[in-house]
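Colleague: With the input below, show me the fold.
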Amino acid sequence: MANSPSFRRHPHPSSIDLVRWLPSSATSPSGRLLAAAVHDPSSGPASSSIHLLSLSDPGSPLASLPLPSRATALRCSPAALAAATSSGSLHLLPSSFDANAAVAVPGGAGFHMGPVRGLDCGGEEWVTAGEDGRVHVIGGGGDGRVVARRVWDGKGMAGYEAARWASPAEFATGGAGCGVQWWDRRKGDVVMAQSNGIWGHGIVTGMVHSIDIHPSRKHICVVGGSSGTIFAWDLRWPQQLTPLSGVGLNGTAQPVCESEVWEVLFDTYTQSSDIISSVATRVLPVMMCSEDGILAVVEQDERPLELLAEPCAINSFDIDPQNPSDVVCALEWESIGVLTRGRDTMAEE
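Modeller: Here you go, the predicted structure:
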């Protein structure tokens, strides 16, 4: 029988905005590693940075990369770590965390004007989506340079909050006023499908904060946004959205929270309650975190499984890709939380 989850809080001297597991950390002499975007408003202009942290002691950075402004997005791939900022810049760092090899794409007219909220890695390329309504694909230029190519410019009419790759040729974006969009680069970087989402019977336009796409089911997006709303969008039936949580959905989904859902991720640790139907149509379990301090697992037609109920916002979380029983989260009250499911003690190495 699986053991009860355990949870530990690790105080940190700065505010933690975002936190991620480093996929390559399993071979590190320091044990399992984390990357965290931190911000200290009392330290002057140079108050934002990316910290490399050891799971055994998350309060003491092993290395640090300063940022020109507060981090708004943070993603890790096996080869690199990327951070986007509120001033519109993108910073790429090798997974070895060699700050001397970091490459930056500065914010401005040629890239993003303002916060970059959506960021993800798709093989050898990155996608960014910003509040300015711009979408870029970033990759190598063949001569060692990093090249950002603009895919779309919404001219600020509708901003983006999330972006996620589904394949090397397809990605999804979401934000304010534009719902969720599905792009296919093979068709000339155009939107192939769009959904306006489920927001309070359609009376109020909601905000998409996070998108995840299951690696084995690239046609299914799970979306988290405002008013506790979480829904799944299946491209096979683009007009038939599946609510997983939300406020005022006629009882079709139980709300796990009523605030902003900051992040959603498919939970590869939790088994679906219906294995047979999950093969074809059932939405697999999803983990979420919220502004009102909830970390929970939601599943189609099931009661939410609440893992944490904190007195402060849970700004970000990540599931360890090597050990999906382990979850790390960024707590608004200047601490990092580590949740371990199904084991008495956490493997530090």
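
Colleague: lowest-confidence helix or strand of the chain?
Modeller: Each helix and strand of the chain was given a mean pLDDT (mean pLDDT, DSSP states H and E); the minimum falls on helix 275-278 at a mean of 50.

Colleague: Which is the succeeding secondary structure element to that helix?
Modeller: Past helix 275-278, further along toward the C-terminus, the next helix or strand under DSSP states H and E is strand 286-290.

Colleague: what's in contact with that next one?
Modeller: Here strand 286-290 makes contact (C-beta atoms under 8 Å, 6 or more residues apart in numbering) with 212, 222, 224, 228, 230, 232, 244-245, 256-257, 259-267, 270, 294-299, 307, 313-317, 319, 327, 329. The way it works is simple: take the backbone N, C-alpha and C, and place the C-beta from them, glycine included.

Colleague: go again using 6 Å as the cut-off
Modeller: Applying C-beta atoms under 6 Å, 6 or more residues apart in numbering, the contact partners of strand 286-290 are 222, 224, 230, 257, 259, 261-267, 295-298, 314, 317.

Colleague: and what of stretch 128-139?
Modeller: Residues outside stretch 128-139 that contact it (C-beta under 6 Å, 6+ apart) are 112-116, 118-119, 125-127, 148-154, 156-160, 163, 173.

Colleague: ok, 7 Å please
Modeller: 84, 88, 90, 105, 111-119, 124-127, 146-160, 162-163, 173 (C-beta atoms under 7 Å, 6 or more residues apart in numbering).

Colleague: If you count neighbours, what's buried in that stretch?
Modeller: 128-138 (16 or more other C-beta atoms under 10 Å).

Colleague: Can you give me the end-to-end span of it?
Modeller: The first and last residues of stretch 128-139 sit 11 Å apart, counting by C-alpha to C-alpha, to the nearest Å.

Colleague: got the contact list for residue 336?
Modeller: Shown in contact with residue 336 (C-beta under 7 Å, 6+ apart): 10, 12, 16, 19, 36, 58, 328, 330.

Colleague: just the buried members of the contacts of stretch 128-139?
Modeller: For the contacts of stretch 128-139, burial is judged from neighbour counts taken by 16+ other C-beta under 10 Å, and it is met by 84, 88, 90, 105, 111-119, 125-127, 148, 151-152, 154, 159-160, 162-163, 173.

Colleague: and these, which of them are in helices?
Modeller: Secondary structure assignment by DSSP state H places none of the buried ones among the contacts of stretch 128-139 in helices.

Colleague: circling back to that earlier point, among the contacts of strand 286-290, name the buried ones.
Modeller: Here, 16+ other C-beta under 10 Å leaves 222, 224, 230, 257, 261-267, 295-298, 314, 317 buried among the contacts of strand 286-290.

Colleague: Can you report how many residues lie near the closest residue to residue 104 other than its chain neighbours?
Modeller: The spatially closest residue to residue 104, leaving aside those adjacent along the chain, is residue 91, at 5.0 Å (C-beta to C-beta, 6 or more residues apart in numbering). Each residue near residue 91 was counted by other C-beta atoms under 10 Å, and the total is 21.

Colleague: can I get the buried residues of stretch 128-139 in CSV with pLDDT and distance to residue 239?
Modeller: Output for these, formatted as CSV (pLDDT from 0 to 100; distance: C-beta to C-beta, whole Å):
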residue, pLDDT, distance to residue 239
128, 98, 29
129, 98, 24
130, 97, 28
131, 96, 28
132, 96, 29
133, 95, 25
134, 96, 28
135, 97, 24
136, 97, 29
137, 97, 28
138, 96, 33
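
Colleague: is it possible to export those to TSV including secondary structure and distance to residue 342?
Modeller: Output for the buried residues of stretch 128-139, formatted as TSV (DSSP: H, G, I helix; E, B strand; the rest coil; distance: C-beta to C-beta, whole Å):
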residue	secondary structure	distance to residue 342
128	strand	36
129	strand	35
130	strand	39
131	coil	39
132	coil	43
133	coil	43
134	strand	42
135	strand	39
136	strand	40
137	strand	39
138	strand	38
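
Colleague: would you turn the residues you listed into CSV with distance to residue 191?
Modeller: As requested, the buried residues of stretch 128-139 are exported to CSV (distance: C-beta to C-beta, whole Å):
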residue, distance to residue 191
128, 17
129, 13
130, 17
131, 19
132, 18
133, 13
134, 14
135, 10
136, 15
137, 14
138, 19
